[in-house]
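Chemist: Test case, fold it:
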Amino acid sequence: MRTLNRARGAAVIAAMLAGAALGVPAWAQEEAAASTPAQAAEQHEDSHAAEKARDWQHWQAQNEVSNVASLQRGARNFLGYCSGCHSLKYVRYSRMAEDLDIPMEQLEQYLLLPGAKPADYITTSMPPADAEAWFGKAPPDLSLIARSRGVDYLYQFLKTFYLDPSKPTGVNNLRLEGTAMPHVLSELEGVKKAVFRNVEHEGEDGKPVTVREFEKFELVVPGRLSEADYDAFVRDTVNFLDYVGEPNQVKRRALGVWVVLFLIAFTWLTMLLKKEYWKDVH
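Modeler: Model prediction:
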């Protein structure tokens, strides 16, 4: 079994690594003047995309834990791309299937990992020793990652990988600088290069300090999904991890509404009772 786990882990790793006219030449001015409306619109769209990318720290997941279809897709995404390294040690397959309305035959056919049973917890088959040898440390369990880091953090993390030849995995991440995790979704998103610029800021001592700031992404190798489809893929995955962090949260919130209504009604009855008891007191 350990040999089988090592072979499966090795297969997973192999898949992972897979303006103004002043100073502007006349020819450039003529070319700009001759640009078509379509080209101008394309330039405007590129500028808007670059501006949106620079604002990556404010990207929001906007997930809906009550959306069962999204959770089903997220479960598929996690078990297909993440479970080779990461576990969900507090969630059983059977509980997930019950909550997400997944028929047992589909669970067993498409979602159960090799050798797993519906009553088992969702654990990875990668041995910790192999994980430490390949990545420098074992990948963390993700059962509570959405609660500890937040869904926006996860969304930003999965969308800000970029090429970095200086790293062992060949990639880096804007959200988690120096991450040991390879870009396992590169076949879907594609491979991107990050463009940085040097900006001078005034330091604490009043002297100028040069800081490297992210400017934009440039697509090097396209992926199998469009930008919109990959965005939807990430949102579904983050939505599923949000559910995993607290499977009862939808029921808890629904129950909370009734509890608040009960307290309001109880308070009103208490006020009427007080008024009745004190009506003869002067």
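Chemist: so who does Gly245 touch?
Modeler: For Gly245, the contact set (CB atoms under 8 Å, 6 or more residues apart in numbering) comprises 143-147. Any C-beta I mention is one placed from the backbone N, CA and C, and that applies to glycine too.
Chemist: Assign His201 to helix, strand or coil.
Modeler: strand (DSSP: H, G, I helix; E, B strand; the rest coil).
Chemist: Beta-bridge partners for it, please?
Modeler: When bridges are called by DSSP bridges, His201 pairs up with Val209.
Chemist: how many neighbours does it have?
Modeler: 9 (other CB atoms under 10 Å).
Chemist: Over to the one 10 residues further on?
Modeler: By the other CB under 10 Å criterion, the neighbourhood of Val211 contains 12 residues.
Chemist: quick revisit: any idea which of the contacts of Gly245 is closest to Leu241?
Modeler: Ala146 (4.5 Å; CB to CB).
Chemist: By neighbour count, which of the contacts of Gly245 wins?
Modeler: Ala146 (24 neighbours).
Chemist: Just the element for that residue, please.
Modeler: Taking DSSP states H and E as the criterion, Ala146 maps to helix 145-149.
Chemist: How about residues contacting that helix?
Modeler: 154, 238, 241-242, 244-246.
Chemist: what do you get if the cut-off is 7 Å, keeping everything else the same?
Modeler: 154, 241-242, 244-246 (CB atoms under 7 Å, 6 or more residues apart in numbering).
Chemist: By mean pLDDT, flag the weakest helix or strand of the protein.
Modeler: helix 26-33 (a mean of 42; mean pLDDT, DSSP states H and E).
Chemist: any idea how far Asn63 is from Arg235?
Modeler: 6 Å (CB to CB, to the nearest Å).
Chemist: residues shared between the contacts of these two?
Modeler: Counting by CB under 7 Å, 6+ apart, Asn63 and Arg235 have no common neighbour.
Chemist: what ranges do the strands span in the stretch 101-250 of the chain?
Modeler: Using DSSP state E, counting those that start in this stretch, the strands of the stretch 101-250 of the chain run over 121-122, 161-163, 171-173, 190-202, 208-222.
Chemist: Would you mind putting the ones you listed into TSV with mean pLDDT and distance to Asp280 alongside?
Modeler: Below are those laid out as TSV (pLDDT from 0 to 100; distance: least, CB to CB, whole Å):
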stretch	mean pLDDT	distance to Asp280
strand 121-122	96	64
strand 161-163	97	75
strand 171-173	96	73
strand 190-202	89	74
strand 208-222	90	74
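Chemist: mind putting these in JSON lines, distance to Leu269 included?
Modeler: JSON lines is the format used below for the strands of the stretch 101-250 of the chain (distance: least, CB to CB, whole Å):
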{"stretch": "strand 121-122", "distance to Leu269": "46"}
{"stretch": "strand 161-163", "distance to Leu269": "58"}
{"stretch": "strand 171-173", "distance to Leu269": "56"}
{"stretch": "strand 190-202", "distance to Leu269": "61"}
{"stretch": "strand 208-222", "distance to Leu269": "58"}
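Chemist: nearest to Ala53, of these?
Modeler: strand 208-222 (4.9 Å).
Chemist: Check whether Leu142 really touches Tyr243, as I assumed.
Modeler: No - using CB atoms under 7 Å, Leu142 makes no contact with Tyr243, being 11.8 Å away.
Chemist: quick one, helices of the protein?
Modeler: Under the criterion DSSP state H, the chain contains helices at 2-17, 26-33, 37-54, 68-77, 93-99, 104-106, 128-135, 145-149, 151-159, 186-189, 227-245, 249-277.
Chemist: Would you single out the least confident of those helices?
Modeler: In terms of average pLDDT, helix 26-33 trails the rest of the helices of the chain, at a mean of 42.
Chemist: Compute the first-to-last residue distance for stretch 52-68.
Modeler: By CA to CA, to the nearest Å, the extent of stretch 52-68 from end to end equals 29 Å.
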